[in-house]
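Asker: just a sequence and a predicted model for now, questions to come.
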Amino acid sequence: MPEKINVCAYLRGSMDELLEKISRIRSEIDGFASAEKDVAEHFRIRFIGSSGAVKNLMGDMKSILPEKRKEAGLALNALKKYAEEKYTQLKESVSAAVEEKGHSIDLTLPGNELPVGTRHPISIVRNRIVSIFQRLGFTVAEGPEVEDDWHNFTALNLPENHPARDMQDTFYVNQDPAWMLRTHTSSVQVREMEKGYMPIRIVCPGRVFRNETISARAHCFFHQVEGLYIEEDVSFADLKQTLYFFVREMFGKDIGIRFRPSYFPFTEPSAEMDISCLICGGKGCNVCKYTGWVEILGCGMVHPNVLDNCGIDSKKYTGFAFGMGIERITMLKYQINDLRLFSENDVRFLAQFRNAI
Ligand code: PHE
């Protein structure tokens with residue numbers, strides 16, 4: 001009869017299963033060999049304790065055929081004894097080790113490696129940029145990421161309806177044109193100028209936001225270091241020498257450098273600075289668009305309107321300003337070809353900067 005055969009098969013299966021479980025537990029027990037105190041305790045809980053593996057198996061007895069129970073009981077008792085003996089052995093080896101060495105841990109074993117994080121490449125490069133300028137006497141100034149219209153635009157000689165406002169696609173807060181995510185850290189420079197001390201020699205590192213389509217070359221947020229130096233008789237020559245120094249410290253003495261005239265509403269005259277392409281060595285490649293040069297920063301002499309807006313006498317003082325994207329510098333320095341890597345938090349990418357300085 002089918003039912004009967006099924007029941008027998010189930011019961012026979014249980015005995016086989018039990019024996020198999022017993023042999024699995026035995027080999028697990030054999031795997032324990034250490035003179036460490038917590039290993040012995042771990043063993044006790046795993047096998048001997050009230051919810052240990054051996055006790056658990058006792059529960060399996062009820063599914064064993066009555067005529068097989070004796071055999072099963074003997075096998076289980078043997079297992080229990082085996083586990084207890086092993087436990088005694090482990091405890092003894094712990095106390096032997098303590099006696100021998102004065103402690104239960106082998107201090108000569110190599111330690112477990114702790115996985116340590118790395119600095120983000122953007123932080124590494126920001127710190128380098130800042131420290132180069134600090135050696136020239138610049139100090140660090142910081143400001144808010146949510147800005148008002150005055151500090152981000154108007155004070156910087158970009159009055160309302162100025163077409164140059166479209167140069168930087170802006171994220172407004174709640175569509176209110178009075179508040180925005182800053183589009184550059186020039187806003188920090190305005191805040192600093194308004195404080196009314198002289199001379200001013202600052203760098204402003206920070207995150208900025210622009211409404212751009214995300215691609216290998218652009219992102220809706222990135223990082224800048226901008227700089228500002230105001231005193232009597234600051235000239236364009238000072239600007240050039242400062243930036244020459246910076247670029248050579250950052251990229252090495254052999255780097256090619258050139259200035260090109262440009263336009264920014266807050267500086268006059270304005271320029272952009274290019275360096276020779278580090279990817280192709282100036283021969284031409286897709287990074288430098290086959291020109292051999294890559295733009296790395298914008299700069300110029302602070303526009304007199306900006307000084308006046310911030311309460312600084314533009315007849316007495318002059319100054320220069322510059323601004324660069326940290327991502328661009330990092331990409332050139334480490335030959336990274338996709339800007340999105342910086343914000344994806346892929347550990348395989350980030351771990352490569354473990355030894356970077
Ligand atoms: N603020 C400019 C930008 O974000 C950079 C810049 C700063 C240019 C200072 C000139 C002078 O693009």
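Answerer: Thanks, I have the structure now.

Asker: where does residue 19 sit: helix, strand or coil?
Answerer: At residue 19 the chain is in helix, as set by DSSP: H, G, I helix; E, B strand; the rest coil.

Asker: my guess is residue 160 contacts residue 154, does it?
Answerer: Yes: Residue 160 lies in contact with residue 154 (C-beta atoms under 8 Å); the separation is 7.2 Å. (Glycine included, C-beta is placed from N, CA and C.)

Asker: of these two, who's got more company?
Answerer: Neighbour totals were compared for residue 160 and residue 154, and residue 154 leads with 16 against 9 (other C-beta atoms under 10 Å).

Asker: list the contacts of stretch 345-357.
Answerer: 118, 119, 120, 121, 124, 128, 334, 341 (C-beta atoms under 8 Å, 6 or more residues apart in numbering).

Asker: change it to 7 Å
Answerer: Contact with stretch 345-357 is made by 118, 119, 120, 121, 124, 341, as judged by C-beta atoms under 7 Å, 6 or more residues apart in numbering.

Asker: ok, those vs residue 102, which is closest?
Answerer: residue 118 (38.5 Å; C-beta to C-beta).

Asker: okay, now that closest one: neighbour count?
Answerer: By other C-beta under 10 Å, neighbour count at residue 118 equals 15.

Asker: if I pick it, what's in contact with it?
Answerer: Going by C-beta under 7 Å, 6+ apart, residue 118 touches 350, 351, 353, 354.

Asker: how does it look with 8 Å?
Answerer: Applying C-beta under 8 Å, 6+ apart, the residues contacting residue 118 are 350, 351, 353, 354, 356.

Asker: and it, backbone torsions?
Answerer: phi -130, psi 160 (degrees, to the nearest 10).

Asker: and what of the one 5 residues further on?
Answerer: When quoted as degrees, to the nearest 10, the phi and psi of residue 123 stand at phi -70, psi -40.

Asker: mind giving me the packing neighbours of the longest helix along the chain?
Answerer: As assigned by DSSP state H, the longest helix anywhere in the chain is helix 69-101. Here helix 69-101 touches helix 2-30, helix 37-43, helix 53-58, going by 3 or more C-beta pairs under 8 Å, 6 or more residues apart in numbering; DSSP states H and E.

Asker: pull the distance from it to the chain's centre.
Answerer: Offset of helix 69-101 from its chain centre (C-alpha atoms, centre = their mean, to the nearest Å): 49 Å.

Asker: next one: stretch 139-153
Answerer: 25 Å.

Asker: same question for stretch 17-26.
Answerer: For stretch 17-26, the distance to the chain centre is 48 Å (C-alpha atoms, centre = their mean).

Asker: tell me which residues of that stretch are tucked away?
Answerer: 18, 21, 22, 25 (16 or more other C-beta atoms under 10 Å).

Asker: from the residues you listed, which is closest to the ligand?
Answerer: Ranked by distance to the ligand (C-beta to the nearest ligand atom), these are led by residue 25 at 68.3 Å.

Asker: thought that closest one was touching residue 43?
Answerer: No: using C-beta under 8 Å, residue 25 is not in contact with residue 43; the gap is 11.8 Å.

Asker: which of the contacts of stretch 345-357 are buried, as a ChimeraX select command?
Answerer: Buried residues among these (16+ other C-beta under 10 Å), as a ChimeraX selection:
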select :121,124,341
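
Asker: so residue 300 belongs to a strand, correct?
Answerer: Yes: using three-state DSSP, the secondary structure at residue 300 is a strand.

Asker: next one: the residue positioned nearest the centre of the chain from residue 259, what distance?
Answerer: In the chain, the C-alpha nearest the mean C-alpha coordinate belongs to residue 120, at 4.2 Å (C-alpha atoms, centre = their mean). Distance of residue 120 to residue 259, computed by C-beta to C-beta, to the nearest Å: 31 Å.

Asker: ok, residue 248 next?
Answerer: For residue 248, the distance to residue 259 - C-beta to C-beta - is 15 Å.

Asker: ok, now residue 175?
Answerer: In terms of C-beta to C-beta, residue 175 sits 39 Å off from residue 259.

Asker: all good on my end, thank you.
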